[in-house]
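Q: Mind folding the following:
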Amino acid sequence: MKKISLDRQAIQNLFANIDNQFKIQLFSTNCFSLQYIPTSDELNTLFNTIEKSNFAKKGAWTPIQDKLLNILVFGTCLSNHILPHDLIIQDWERISRLVIHHNWKACRNRWLLEKQAKASWTFEEDQALIQLYNQHPNKWCDIAIELMKKCQTPYARQGKQCRDRWVNKLDPNIKKDPWSKEEELMLFSEVKKKGKRWAEISFQIFQLRRTENTIKNRYYNMIKQEQNKIKLGKMSNDEKEYYVMNKIIKELQEKLCQNQHNCLDETNQKQKINQNYKISQFSQQLSNIECLVMLKGRKLIKLN
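A: Numbers count the residues shown, from 1 in each chain. As a prediction, the model looks like this:
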């Protein structure tokens, strides 16, 4: 068990020399659960509670830490005269040093957690995300921060949300065509062999052309459709899924095999048609010839 010691003076300095007009503006953003700026006595009570608390599990957040984090973010915005959307990595690093036990990404993501809305992505956000990804490939925290500034949305996006949006919807390499039987067979064969390692299957088998979500959804949709067709009796869910998976693999193999036979039959049929057509053409040409001749030595001999 490790107790923490807060830098009380640094926290209280955040609320020195308050700009009342900007304070009102900050409250109007509805980004904070605070109704008013805590007094010195209230801050000291909060500090005492935190310093007496034990934090055994690293990475876990307690309600009292959440309250401190909210106060620190508000105080940082107030003292630097900036809006929450404009906080940069250096600001979050300073906040994390005052919180203790959590790095700047953990602090930022925790604070944003309450500010998120399950809002659909807008066209403006998608276009901004594409532009930002081209500038900062795979730097999702940086992209999320820049996205907030660029779009000025009333809600926040986390780095994970930005990554999921890019990987599943916006990446131009994503294949959106209907699934082929060959792809379905590869998917089910790989799941049977290695398990439900969606990221690995997406990368190794489909070269990221099919996304993790697309692969997972395709698998479970086909399993569910097949389960609805048959009655499996008293079996566990895992047993049912394994039985259905094998059934789907067998059916896909049979369909592909049948398609190959059909293609061969069709090819052979076309070859026969072409051959008959050539014979017919030759016969027609013969019928149009008045006589046939043969060259023998230096003489032409007419054939009857």
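
Q: What ranges does the protein have for its helices?
A: Secondary structure of the chain (DSSP state H): helices located at 8-13, 20-28, 40-52, 63-80, 89-99, 104-113, 123-135, 140-151, 159-165, 181-194, 198-204, 212-229, 237-287.

Q: Indicate which one of the ones you listed is closest to N173.
A: Nearest to N173 among the helices of the chain is helix 198-204 (11.4 Å), distances taken as CB to CB. Heads up, the C-betas are built off the backbone N, CA and C, glycines and all.

Q: number of nearby residues for L14?
A: Residues near L14, counting by other CB atoms under 10 Å, number 22.

Q: what about it, distance to T214?
A: Look at L14 and T214: by CB to CB, to the nearest Å, they are 46 Å apart.

Q: per-residue confidence at Q281?
A: We have a pLDDT of 57 for Q281.

Q: So which residues make contact with stretch 148-166?
A: 30, 85-86, 105, 109, 112-113, 115-117, 119, 121-122, 124-126, 128-129, 132-133, 140-141, 143-144, 147, 213 (CB atoms under 8 Å, 6 or more residues apart in numbering).

Q: Can you pull out the low-pLDDT segments for the stretch 201-304 of the chain?
A: Along the stretch 201-304 of the chain, the model assigns pLDDT under 70 to residues 264-304.

Q: at 80 what do you get?
A: Scanning the stretch 201-304 of the chain for pLDDT under 80 picks out the ranges 208, 231-234, 259-304.

Q: same check, this time on the stretch 1-150 of the chain
A: 1-6, 28-35, 51-60, 85, 100-101, 112-120, 149.

Q: again, 90 this time
A: Counting by pLDDT under 90, the stretch 1-150 of the chain shows low-confidence ranges at 1-70, 74, 77-90, 92, 96-122, 136-142, 144-150.

Q: R108: neighbour count?
A: By the criterion of other CB under 10 Å, R108 has 26 neighbours.

Q: my bad, should have said E241
A: If we define neighbours as other CB under 10 Å, then E241 has 19 of them.

Q: Just give the number of residues close to S40.
A: S40 is surrounded by 10 other residues when neighbours are defined as other CB under 10 Å.

Q: what's the nearest residue to it if we skip its chain neighbours?
A: Distance criterion CB to CB, 6 or more residues apart in numbering; nearest residue to S40, sequence neighbours excluded, is Q12 at 6.7 Å.

Q: I'd like to know how many residues surround the one you found.
A: 15.

Q: try M186
A: M186 - counted by other CB under 10 Å - has 16 other residues nearby.

Q: Could you pull up the residues touching it?
A: Applying CB under 8 Å, 6+ apart to M186 gives the contacts I205, F206.

Q: Take the helices of the chain and write them to JSON lines, including distance to N173.
A: Output for the helices of the chain, formatted as JSON lines (distance: least, CB to CB, whole Å):
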{"stretch": "helix 8-13", "distance to N173": "47"}
{"stretch": "helix 20-28", "distance to N173": "42"}
{"stretch": "helix 40-52", "distance to N173": "48"}
{"stretch": "helix 63-80", "distance to N173": "37"}
{"stretch": "helix 89-99", "distance to N173": "29"}
{"stretch": "helix 104-113", "distance to N173": "27"}
{"stretch": "helix 123-135", "distance to N173": "12"}
{"stretch": "helix 140-151", "distance to N173": "18"}
{"stretch": "helix 159-165", "distance to N173": "15"}
{"stretch": "helix 181-194", "distance to N173": "16"}
{"stretch": "helix 198-204", "distance to N173": "11"}
{"stretch": "helix 212-229", "distance to N173": "13"}
{"stretch": "helix 237-287", "distance to N173": "25"}
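
Q: so which of these comes closest to L34?
A: With CB to CB as the measure, helix 63-80 is the member of the helices of the chain nearest L34 (5.7 Å).

Q: List the buried residues of the closest one.
A: Judged by neighbour count (16 or more other CB atoms under 10 Å), helix 63-80 contains these buried residues: 65, 67-78.

Q: what angle do that helix and helix 104-113 make?
A: Going by axes from the mean of the first three to the mean of the last three CA atoms, to 10 degrees, helix 63-80 is angled at 100 degrees with respect to helix 104-113.

Q: quick one, which of the helices of the chain is nearest to I174?
A: The minimum distance between I174 and these falls on helix 212-229, with 7.9 Å, by CB to CB.
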